[in-house]
Structure formats: C-alpha cells, structure tokens
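>>> here is a sequence with its predicted model. Questions after.
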Amino acid sequence: VLRVFLGIEESFVAIKQAVRPKAFDWRRRGFSQNHVRSQLSTTRARYSKGIPRVSVFEATEMLQRDLPDQHPVIITGLQGEWSVVHKLESLRAESGQNVYLQVGSTDDGYRVELPMDEWWGYISRDSDGDDDPLYVLDDTILDDNLALIQSFEPPPMFVNAAFPDPFPGLEKDEQPPMRWLICGGTRSGSCIHADPVGSAWNALVVGSKRWVMFPPAESEAEMESLKAMLRLDEYDGDSMGIMSWFVDIHPKLSEPDMAMSCWEGIQLAQDTMYIPPGWLHGVLNLEPTIAITENFIPKQQGAWTI
C-alpha cells in the first residue's frame with residue numbers, strides 16, 4: 001500500500017505520479033474551464049443505440065435469457081432505502097484522516113490510497129481542475145466497515161441470478177474481488193474495459209454517469225481489432241482517462257468508417273445499471289458520484305475457472 005505522509009499539495013503530487021506516471025500535466029487541456037461536460041451529457045454517437053430504461057419486472061425477465069440474448073439495461077425502482085451516504089459521512093466525521101480510499105494502483109500492483117478527508121477535499125475543489133481526475137474504486141472499505149456493508153442490500157434479482165458456488169476449490173482470500181465502493185468527481189470515471197469475471201450491477205446512489213458499451217466480439221481477433229479502433233491502449237488511465245477518450249475518440253464513432261455496435265445511456269441517482277458478461281464499457285461522471293458495484297457469476301455461465 002502506498003500512502004504519502006506529506007503536506008496535502010505534496011501528497012497529491014506523489015499520488016498522481018504513482019497512479020499515472022505517464023501524465024505530466026493533469027490540467028493542460030482545461031476541461032474544467034470550458035463547456036465540454038454539458039456537450040458530452042447530450043451528444044450520442046450517430047450509430048449508437050440507447051440503453052433502455054426498464055422496470056424491475058422487465059429486468060428480471062431478461063436475466064432468465066441466454067447470455068447472448070442479454071443486453072445492458074438501466075433499472076429503475078430497484079434501490080431500497082439505502083443509507084450509504086449517511087454512513088460515509090459518519091465514518092468521515094469520526095475518523096476521516098484514518099480511513100483510506102484506494103485511488104489507483106502502481107505499475108507493480110500496489111494499492112495507492114488517500115485519507116477520506118483529503119479525498120473529499122479534492123472532490124469539493126472540482127478535483128483541482130484535473131482533466132482526468134483521480135477516481136476511487138475500493139474493494140476493501142465495504143467489508144472492513146460493518147456499518148457500510150449494512151447500509152445497502154444487494155438486489156435480490158441479481159442474487160437469485162447468480163451461480164451459487166462460483167469459485168469451487170478457492171478459499172475466500174484466493175477469490176478475485178467482486179464488490180467495490182466507487183466515488184468520483186466530475187470528469188472522472190472508468191476507462192473502457194471488460195470485467196474479467198461474470199456480469200455486474202452498478203447502483204448509483206448520488207450523481208449522474210454517462211455510459212458507453214460495446215457487445216462481446218465473436219473472436220479474440222475481433223476483440224483486438226475493436227480495441228485498436230477505440231484506441232484503448234492510449235486511453236487506459238496511464239496518461240489519459242475516460243474524459244479525454246470522450247473528447248477525442250467518441251465523436252469519431254459518428255463517422256461511417258467507425259460505425260460499430262455501440263450502446264449509450266445516462267444513469268441517474270437511484271438507477272441501477274446491468275452489464276452482461278464480456279461487454280466493453282466505459283463510465284464518465286457528469287457530476288460527483290457515489291456508487292456500489294458488484295460482479296456475479298450468472299447461472300447460465302456456471303462456475304468460474306482459472
């Protein structure tokens with residue numbers, strides 16, 4: 001774990017260098033000073049499909065289909081009376097300098113963390129004007145804090161759709177992480193990727209997110225071709241993030257020679273996104289957000305193999 005015990009300014013410089021060593025000027029493009037955000041929230045690629053908003057009943061029905069017949073949906077009315085925000089505020093008030101949030105990893109795979117107080121300060125300062133801001137994706141804080149884990153309930157529709165014993169033969173500490181707390185300011189988000197394990201749900205508690213998704217390729221060669229067209233090697237978070245991708249690459253999806261199967265949608269607070277297995281997806285925060293996300297192995301897929 002990398003934790004830097006310096007002044008706030010020096011701490012953020014060291015953290016940023018550890019998370020994104022190829023990025024030398026985090027504010028050079030001035031995304032926080034122009035109207036890019038409002039344009040992104042309304043402009044969809046010409047050939048894309050809209051991710052449908054569906055009811056709990058409709059989503060439950062779709063989860064019974066064969067995996068090739070599933071597609072992303074935004075589910076309304078699924079979250080209950082969750083107290084995630086209240087519990088996070090209480091945790092910060094009680095021990096904000098002693099609770100750490102993961103904001104990335106080093107090239108060697110070590111966690112890079114910031115105290116919760118410093119993280120919330122960063123968000124309140126509009127992420128210091130960074131073009132592609134730091135982003136919390138933490139797989140331990142929920143399980144380490146009983147009050148947080150009790151502040152939400154995984155939707156039964158996904159619990160019922162999950163394979164009951166997804167990791168046979170693996171001890172708990174050998175299993176891959178499956179649940180994360182996600183927090184980010186405007187312009188932050190997840191670069192385009194496919195989850196390595198199963199399906200996923202993402203429950204947005206606060207804020208709004210923009211999603212772009214691409215269905216699974218039929219072969220490894222097709223997947224590599226798609227990644228090259230989307231230039232994912234360049235926009236992988238090492239030097240440029242999802243905000244830069246939306247500004248530079250997303251407009252090209254409206255050009256005839258870049259036409260491809262693409263799904264897009266805006267997720268609002270209290271919405272839950274469902275992502276089927278194998279779908280490439282990227283997420284841009286249109287404002288500060290807090291979300292819970294969890295992977296699960298769908299029954300149709302069976303046990304996960306190494």
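Perfect, I can see it now. Numbers count the residues shown, from 1 in each chain.

>>> not counting residues beside it along the chain, what's closest to the residue most central in space within the chain?
Nearest to the geometric centre of the chain sits residue 190, at 4.7 Å (Cα atoms, centre = their mean). In space, and not counting its chain neighbours, residue 190 is closest to residue 283: 4.6 Å by Cβ to Cβ, 6 or more residues apart in numbering. Quick note: C-beta positions are derived from backbone N, CA and C, even for glycine.

>>> report how many residues lie close to the one you found.
If you count neighbours by other Cβ atoms under 10 Å, residue 283 ends up with 27.

>>> partner strands of the helix or strand where it lies, parallel or antiparallel?
Assigned by DSSP states H and E, residue 283 belongs to strand 280-285. The strands beside strand 280-285 in its sheet (DSSP bridges) come out as strand 189-193 (antiparallel), strand 208-214 (antiparallel).

>>> can you dump the C-alpha atoms of that strand in PDB for me?
Provided in PDB are the C-alpha atoms of strand 280-285 (Å, rounded to 0.1, in the frame of the first residue of the first chain):
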ATOM      1  CA  LEU A 280     -16.700  -3.500 -23.000                       C
ATOM      2  CA  HIS A 281     -17.900  -0.500 -21.100                       C
ATOM      3  CA  GLY A 282     -16.600   2.900 -20.000                       C
ATOM      4  CA  VAL A 283     -18.100   5.300 -17.500                       C
ATOM      5  CA  LEU A 284     -17.800   9.100 -17.200                       C
ATOM      6  CA  ASN A 285     -19.000  11.000 -14.100                       C
END
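
>>> so the closest residue to residue 191 other than its chain neighbours, which state does it fall into?
Nearest residue to residue 191, sequence neighbours excluded (Cβ to Cβ, 6+ apart): residue 237, at 4.8 Å. For residue 237, the assignment made with DSSP: H, G, I helix; E, B strand; the rest coil gives coil.

>>> circling back to that earlier point, my read: the residue nearest to the centre of the chain touches residue 104, true?
No. Contact criterion Cβ atoms under 8 Å: residue 190 and residue 104 do not qualify, at 11.6 Å.

>>> pull up the overlap in contacts between those two.
Overlap of the contact sets of residue 190 and residue 104 (by Cβ atoms under 8 Å, 6 or more residues apart in numbering) consists of residue 135.

>>> can you tell me how far the residue nearest to the centre of the chain is from residue 229?
19 Å (Cβ to Cβ, to the nearest Å).

>>> the stretch 1-150 of the chain: strands as residue ranges?
For the stretch 1-150 of the chain, strands defined by DSSP state E, counting those that start in this stretch occupy the ranges 49-50, 53-54, 73-75, 100-105, 111-115, 135-138.

>>> how about CSV for the strands paired with strand 280-285, with mean pLDDT added?
Listed next are those as CSV, based on pLDDT from 0 to 100:
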stretch, mean pLDDT
strand 189-193, 96
strand 208-214, 96
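
>>> and among those strands, the most buried is which?
strand 208-214 (a mean of 23; mean count of other Cβ atoms under 10 Å).

>>> centre of the chain to that strand, how far?
9 Å (Cα atoms, centre = their mean, to the nearest Å).

>>> who touches that strand?
Under Cβ under 8 Å, 6+ apart, the answer for strand 208-214 is 40-41, 48, 51, 72, 189, 192, 226, 230, 246, 250, 260-269, 273, 275, 279-287, 289, 291.

>>> check which element follows it along the chain.
Using DSSP H and E, the first helix or strand after strand 208-214 is helix 220-230.

>>> ok, residues contacting that next one?
Contacts for helix 220-230 (Cβ under 8 Å, 6+ apart): 192, 214, 216, 217, 233, 245, 249, 258, 260, 280.

>>> take the residues you listed and write them to CSV, including distance to residue 133.
Shown next, in CSV, are these (distance: Cβ to Cβ, whole Å):
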residue, distance to residue 133
192, 17
214, 24
216, 30
217, 30
233, 21
245, 14
249, 19
258, 27
260, 28
280, 22
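
>>> buried among those residues? Need that as a selection in PyMOL.
Those of these that count as buried under 16 or more other Cβ atoms under 10 Å are selected in PyMOL with:
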select buried, resi 192+214+216+217+245+249+258+280
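
>>> ok, the contacts of helix 220-230 vs residue 25, which is closest?
residue 245 (17.7 Å; Cβ to Cβ).

>>> find the nearest non-adjacent residue to residue 92, please.
residue 116 is the one closest to residue 92 (Cβ to Cβ, 6+ apart), at 5.0 Å.

>>> just residue 87 next, same as before
Leaving aside its sequence neighbours, residue 87 is closest to residue 151 (4.2 Å, by Cβ to Cβ, 6+ apart).

>>> burial count for that neighbour?
Around residue 151 there are 21 residues (other Cβ under 10 Å).
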